[in-house]
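Chemist: next comes the sequence, and after it the predicted model I'd like to discuss.
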Amino acid sequence: MIIKIESDKNEFIKDVSKLQQKKYRNLTNQYLVEGPHLIKEALQAKVLKKLFFVNDIDFDFVDSYQVSEKVMKKLSSVESLQGIIGVCEKKSQVFLSDKILLLDNVQDPGNIGTLMRSAVAFGFNTIVADSSVDFYNDKVIRSSQGAVMKINLINMNILDFIERNPDYRYFVTDLRSNIFLEDHDLSYNKIGIILGNEGQGVSDDVIRSVSNSLKIRIQDMESLNVGVAGSIIMYEVYKRGIKL
């Protein structure tokens with residue numbers, strides 16, 4: 001059954017709109033997605049719990065609500081409405097993949113989304129984030145193009161993670177390193193790649209805790225965007241045939 005809601009003052013709508021805030025996403029273990037593509041991805045990932053739409057659609061898989069444009073604007077985080085929004089449930093953290101990406105204070109949502117897409121594409125099916133932007137930030141979700149629903153996401157202090165998981169071979173990006181990416185043996189059964197903040201890079205404490213540092217060979221530029229750099233490194237590991 002489809003329920004119709006016209007007023008943006010509706011208490012249910014007010015509660016759902018709170019998912020635009022990180023603290024409510026954490027409290028409820030839910031988040032919002034917007035647009036037909038992300039709704040389709042959420043359905044395929046089996047994380048879609050509620051659906052809100054403006055125009056008539058034939059849909060009865062989850063709790064469905066036909067709403068006014070005023071209500072849609074209250075739920076939306078973009079200026080140009082797409083007319084359809086879903087409430088999704090965060091996936092449970094159930095495993096650690098053999099290839100892991102670790103993010104130390106990465107703050108740009110676009111970079112996180114890009115890294116999620118590359119991680120899925122190249123088999124890094126777990127991302128660990130320390131003091132980084134929220135995985136379920138609306139800009140992260142949009143830039144991930146649905147990858148956020150396909151990956152194991154963990155918020156944890158990186159030093160603690162390394163200490164608890166010593167069976168991984170960790171590599172940290174560091175512009176001061178004397179060893180280039182192509183010079184490293186990356187053929188380990190369990191491998192972790194550590195990326196850092198857009199401006200400061202990986203913290204010195206984390207760098208000191210890891211015996212393997214690397215940098216990407218480039219020309220005419222001081223450094224690469226962290227989303228680009230991480231994607232290159234993950235592809236290099238993938239290309240060398242790491243088995244999951």
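Modeler: All right, it came through fine.

Chemist: only C-alpha atoms from now on, for both contacts and neighbour counts.
Modeler: Noted.

Chemist: domains for the protein, by residue range?
Modeler: The chain is divided into the following domains under automatic domain parsing: 2-89, 99-239.

Chemist: now these in TSV, with mean neighbour count and mean pLDDT?
Modeler: Shown next, in TSV, are the domains of the chain (neighbours: other CA atoms under 10 Å; pLDDT from 0 to 100):
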stretch	mean neighbour count	mean pLDDT
domain 2-89	17	95
domain 99-239	18	97
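
Chemist: is Asn197 in a bridge, and if so with what?
Modeler: Gly201 (DSSP bridges).

Chemist: give me every residue that touches Ser76.
Modeler: 34, 85 (CA atoms under 8 Å, 6 or more residues apart in numbering).

Chemist: change it to 10 Å
Modeler: Applying CA atoms under 10 Å, 6 or more residues apart in numbering to Ser76 gives the contacts 17, 20, 32-35, 69-70, 82-85, 138.

Chemist: so which of the residues you listed sit within helices?
Modeler: If you go by DSSP state H, those have 17, 69-70, 138 in helices.

Chemist: all strands for the chain, in order.
Modeler: 2-5, 30-34, 48-53, 63-67, 84-89, 99-104, 126-130, 152-155, 169-173, 191-196, 212-214 (DSSP state E).

Chemist: note down every partner strand of the first one and its orientation.
Modeler: The strands beside strand 2-5 in its sheet (DSSP bridges) come out as strand 63-67 (parallel).

Chemist: run the chain-centre distance for the partner strand.
Modeler: Here strand 63-67 is found 27 Å from its chain centre; the criterion is CA atoms, centre = their mean, to the nearest Å.

Chemist: do stretch 163-172 as well
Modeler: Centre to centre, stretch against its chain (CA atoms, centre = their mean), the figure for stretch 163-172 is 21 Å.

Chemist: before we move on, back to that, could the contacts of Ser76 be laid out in TSV, adding distance to Tyr188?
Modeler: Putting those into TSV (distance: CA to CA, whole Å) gives the following:
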residue	distance to Tyr188
Ser17	45
Gln20	40
Leu32	37
Val33	36
Glu34	39
Gly35	39
Glu69	53
Lys70	54
Gln82	44
Gly83	46
Ile84	44
Ile85	42
Asp138	35
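
Chemist: got the contact list for Leu103?
Modeler: So Leu103 contacts 112, 115, 127-133, 155-158, 193-197, 202, 226, 230 (CA under 10 Å, 6+ apart).

Chemist: please name the bridge partners of it.
Modeler: Beta-bridge partners, per DSSP bridges, of Leu103: Ala129, Leu195.

Chemist: for Gly123, see how far away it is.
Modeler: As defined by CA to CA, to the nearest Å, Leu103 lies at a distance of 16 Å from Gly123.

Chemist: again, but for Leu214
Modeler: 20 Å.

Chemist: who are the contact partners of Met234?
Modeler: So Met234 contacts 99-101, 115, 118-124, 192-193, 228 (CA under 10 Å, 6+ apart).

Chemist: what distance do you get for it to Leu115?
Modeler: Met234 is 9 Å from Leu115, by CA to CA.

Chemist: overlap in contacts of these two?
Modeler: 101, 121, 124, 228.
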